[in-house]
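Student: Build me a model from this:
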Amino acid sequence: MGAFYLECPHFTYYLPPILMKRLPHLLFALLFIIYFLCYQGVLSHVIYYHEQHHLFLFSKEYFLKQIHTEGLLSYLTDFIIQFFYMPALGSAILAGILAGIYLLTHYNIKKITGQPDILQLSLIPSVSLFIYTLPVDHSLTLIIGVFLGLLILGCIAFFISGIWKNITLHRINVPGKKKKLISTALITIYAIGACYIFIHSYNMPERIMIMAEKSVKEKNWENVLTQTEKYINSGRTNQLISYFHNLALYHTGKLPYQLFDYPQKLGVKALYFPWNSDSRESEYGHFIYEDLGYINEAQRWEFEAMVVWGETAPHLLNLARYNIVNKRPEVARRFINLLKQSLFYRKDAEELEKQLHAGSVPGLRMALENNKEHPARFANVINIGPELQYLCEQDTTNRMAFEYLMSDLLLSNNIVRFVDNLKFIRHFKYPEMPPAYQEALYIYKLGVDGETFSKSGFNVSENTEKRFQRYYSLYKNRQMQRLKAEFGNTYWYYLNFISPYGDKIIRN
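Tutor: Numbering: from 1, shown residues only. Here you go, the predicted model:
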């Protein structure tokens with residue numbers, strides 16, 4: 001056999017024939033590296049999301065259930081996804097399967113046609129399925145199915161390859177130099193097309209939301225702020241992002257001070273999720289109630305989420321934790337026993353099992369544990385305000401309940417009730433009253449007589465009064481750009497220009 005030459009004006013490039021034979025393996029390695037780096041980088045949220053929404057159990061009951069309800073292919077997909085628990089391993093597995101689809105397609109084309117894949121059509125299924133994985137709600141069952149189908153086809157092609165030798169196929173004789181040029185040109189075209197589709201299909205907001213949720217679960221509040229601020233600074237409004245952002249502000253001690261640093265266009269909906277029977281929202285409602293110590297309500301949200309999404313690890317872990325602190329060890333044991341049948345969550349289950357009869361879980365508190373007067377309470381699932389009020393009255397040390405109640409009343413224009421409940425601030429050590437609270441207090445002072453204001457027991461600082469005079473001067477002179485620049489992060493500006501409930505305060 002001869003060697004291939006690519007002639008250029010200034011040099012001649014010598015390409016040994018053996019390199020042409022190894023091109024499929026080189027492309028396989030290149031695809032694997034690209035896919036792996038993507039799943040470790042810009043697509044790391046895809047690996048995380050699928051792992052959090054699937055749980056494989058090593059039990060006969062789970063096998064029979066999956067086979068009868070979802071099918072064997074779904075069972076195999078869950079088996080593979082369980083290894084996504086380790087992101088590097090999960091990225092390698094998924095990258096290997098997608099790159100393997102290319103190699104299997106190339107092999108099958110060569111076996112069936114008896115000719116090499118000059119047009120590099122083998123790249124199309126692999127690259128297409130890689131792009132298919134970009135939206136996290138796309139099931140990986142399709143990819144596993146394609147891989148297994150190509151593997152079976154390859155086995156069939158291998159065992160019957162002798163038959164093809166006796167069949168005369170019309171062969172297209174293309175000179176070696178042209179083969180190289182055609183393959184190179186088409187690989188380049190496919191690469192450019194794939195990059196273009198990838199860039200236009202990539203969903204950055206989706207990544208930010210998933211990575212923010214991951215940071216919330218890890219209690220990495222500074223990173224939650226980093227992720228949510230990326231989204232907010234892009235000018236978009238999203239309830240989940242606002243929800244996570246305000247949670248992070250509270251846990252970093254910034255909620256009373258930075259609540260209005262970003263436009264709160266959603267009003268009180270930026271603080272929590274009312275129960276709307278929405279399958280997507282069901283996953284997120286428990287966060288705030290767990291942090292508030294309102295465990296019964298957190299448990300309700302998690303149970304509803306499990307009904308929607310199935311018995312996944314996050315839901316089973318939380319339900320086990322909640323039932324332990326609610327003194328229901330046998331109920332908690334049911335969720336723990338399921339987790340013990342998994343590969344990677346067994347240790348977590350064993351740790352929870354040790355806490356079964358202790359009745360407590362590290363990092364989890366029950367705010368109403370000592371409330372014996374009202375053993376049963378029906379929560380308001382539409383409006384969190386009454387629940388925050390109740391928590392403040394039952395536990396005056398619950399700082400989160402207080403700050404969220406104050407935020408809820410401010411965002412809903414309810415100034416009178418805000419001042420009525422400002423008394424709870426005396427149970428906490430603030431260096432000084434937060435500026436937003438001072439601003440709301442001054443609005444209240446302007447609307448009542450001196451005697452009524454004095455009954456509130458609070459005073460407005462001289463600095464706050466001077467700032468309001470400046471604000472009102474800019475507002476009266478319609479200097480809107482300067483007004484926004486100087487006072488865009490104040491409660492006054494929210495009340496006048498942003499509040500979805502209008503610019504009137506609620507007095508009852």
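Student: which regions of the protein sit below the pLDDT cut-off?
Tutor: 1-20, 161-177, 179, 371-377, 508 (pLDDT under 70).
Student: Okay, the most centrally placed residue in the chain and Lys180: tell me how far apart.
Tutor: With distances taken as Cα atoms, centre = their mean, Ile210 lies nearest the centre of the chain, 1.6 Å away. According to Cβ to Cβ, to the nearest Å, Ile210 and Lys180 sit 43 Å apart. From N, CA and C alone the C-beta is placed, and that goes for glycine too.
Student: try His25
Tutor: 16 Å.
Student: Would you mind pulling the contact partners of the helix or strand containing Glu302?
Tutor: If you go by DSSP states H and E, Glu302 is part of helix 295-309. For helix 295-309, the external contacting residues (Cβ atoms under 8 Å, 6 or more residues apart in numbering) are 53, 279, 282-283, 285-286, 289-290, 312, 315-316, 318-319, 322-323, 325-326, 364, 366-368, 377, 379, 387.
Student: Also stretch 72-91?
Tutor: With Cβ under 8 Å, 6+ apart, stretch 72-91 has contacts from 35-36, 39-40, 44, 47-48, 50-51, 54-56, 63, 66-67, 93-94, 97, 139-141, 144-145, 148, 342-344.
Student: The residue nearest to the centre of the chain - that's part of a helix, no?
Tutor: Yes. Per DSSP: H, G, I helix; E, B strand; the rest coil, Ile210 lies within a helix segment.
Student: from what I can see it touches His50, true?
Tutor: No. Here Ile210 does not reach His50: they are 10.6 Å apart, not a contact under Cβ atoms under 8 Å.
Student: what do those two both touch?
Tutor: The contact lists of Ile210 and His50 share Val136, where a contact means Cβ under 8 Å, 6+ apart.
Student: Identify the residues contacting stretch 458-478?
Tutor: Contacts for stretch 458-478 (Cβ under 8 Å, 6+ apart): 419, 422, 433, 435, 438-439, 441-442, 445, 482-483, 486-487, 490, 492-493, 496.
Student: Of His25 and Lys180, which one has the most company?
Tutor: Shown here are His25 and Lys180; by other Cβ atoms under 10 Å, Lys180 has more neighbours (20 against 11).
Student: Would you map the helices across the stretch 351-500 of the chain?
Tutor: 385-394, 399-411, 415-421, 435-447, 450-455, 462-476, 480-487, 491-493 (DSSP state H, counting those that start in this stretch).
Student: wait, which of those helices is closest to Lys254?
Tutor: helix 399-411 (10.1 Å; Cβ to Cβ).
Student: tell me which residues in that closest one are buried?
Tutor: 399-411 (16 or more other Cβ atoms under 10 Å).
Student: Repeat that for stretch 474-486.
Tutor: Buried, per 16+ other Cβ under 10 Å, within stretch 474-486: Leu474, Tyr475, Leu483.
Student: quick check, nearest of those residues to Glu351?
Tutor: Leu483 (54.6 Å).
Student: Spit out the contact partners of the closest one.
Tutor: Applying Cβ under 8 Å, 6+ apart, the residues near Leu483 are Tyr471, Leu474, Tyr475, Tyr493.
Student: how does it look with 6 Å?
Tutor: Applying Cβ atoms under 6 Å, 6 or more residues apart in numbering to Leu483 gives the contacts Leu474, Tyr475.
Student: ok, now Asn421?
Tutor: With Cβ under 6 Å, 6+ apart, Asn421 has no contacts at all.
Student: The residue nearest to the centre of the chain reaches His45, doesn't it?
Tutor: Yes. Using Cβ atoms under 6 Å, Ile210 is in contact with His45, at 4.1 Å.
Student: so where do the strands sit in the protein?
Tutor: Using DSSP state E, the strands found in the chain span residues 4-7, 12-15.
Student: Asn370: how many residues sit nearby?
Tutor: Asn370: 9 neighbours (other Cβ under 10 Å).
Student: distance of it from Gly293?
Tutor: Distance from Asn370 to Gly293, by Cβ to Cβ: 11 Å.
Student: again, but for Asp261
Tutor: From Asp261 to Gly293 the distance is 27 Å (Cβ to Cβ).
Student: If you count surrounding residues, which of those two has more?
Tutor: Gly293 (19 against 15).
Student: quick one, what contacts that one?
Tutor: Arg365, Met366, Ala367 are the contacts of Gly293 under Cβ under 6 Å, 6+ apart.
Student: Let's see that with 10 Å instead.
Tutor: If a contact means Cβ atoms under 10 Å, 6 or more residues apart in numbering, then Gly293 has Val325, Leu364, Arg365, Met366, Ala367, Leu368, Glu369, Leu391, Asp395, Asn398, Met400, Ala401 as its contacts.
Student: cool, and Pro434?
Tutor: Neighbours of Pro434 in contact, by Cβ under 10 Å, 6+ apart: Lys254, Leu255, Pro256, Tyr257, Gln258, Leu259, Glu403, Met406, Ile425, Ala440, Tyr491.
Student: Hmm, the first one is touching Leu247, no?
Tutor: No. Checked against Cβ atoms under 10 Å, the pair Lys254 and Leu247 is beyond contact range at 11.1 Å.
Student: So for these two, which residue has more residues nearby?
Tutor: Leu247 (24 against 16).
Student: hang on, the earlier thing: ok, of the contacts of Pro434, which one's closest to Ser234?
Tutor: Nearest to Ser234 among these, with distances taken as Cβ to Cβ, is Gln258, at 18.4 Å.
Student: how close does that closest one get to Pro434?
Tutor: Distance from Gln258 to Pro434, by Cβ to Cβ: 9 Å.
Student: Likewise for Arg207?
Tutor: Taking Cβ to Cβ, one finds Arg207 at 33 Å from Pro434.
Student: got the buried residues for stretch 244-256?
Tutor: So stretch 244-256, judged by 16+ other Cβ under 10 Å, has buried residues Phe244, His245, Asn246, Leu247, Ala248, Leu249, Tyr250, His251, Lys254, Leu255, Pro256.
Student: With stretch 22-42 instead?
Tutor: Here stretch 22-42 shows Leu23, Pro24, Leu27, Phe28, Leu31, Phe32, Ile34, Tyr35, Phe36, Cys38, Tyr39, Gln40 as buried, counting by 16+ other Cβ under 10 Å.
Student: Which members of those are the farthest-apart pair?
Tutor: Largest pairwise distance in those, by Cβ to Cβ, is 25.8 Å, between Leu23 and Gln40.
Student: which residues do Asn370 and Gly293 both contact?
Tutor: Joint contacts of Asn370 and Gly293 (Cβ under 10 Å, 6+ apart) are Asp395.
Student: Mutual contacts of Ile210 and His45, please.
Tutor: Val136, Asn203.
Student: Might you report the residue contacts of the closest residue to Tyr48 other than its chain neighbours?
Tutor: Closest residue to Tyr48 apart from its sequence neighbours, by Cβ to Cβ, 6 or more residues apart in numbering: Lys214 at 5.8 Å. Listed by Cβ under 10 Å, 6+ apart, the contact partners of Lys214 are Ser44, His45, Tyr48, Tyr49, Gln52, Asn220, Asn223, Val224, Gln227.
Student: From the structure, what's the count of residues near the first one?
Tutor: By that I understand Ser44. Using other Cβ under 10 Å: Ser44 sits among 18 other residues.
Student: Same question for the second one.
Tutor: Look at His45: counted by other Cβ under 10 Å, it has 20 neighbours.
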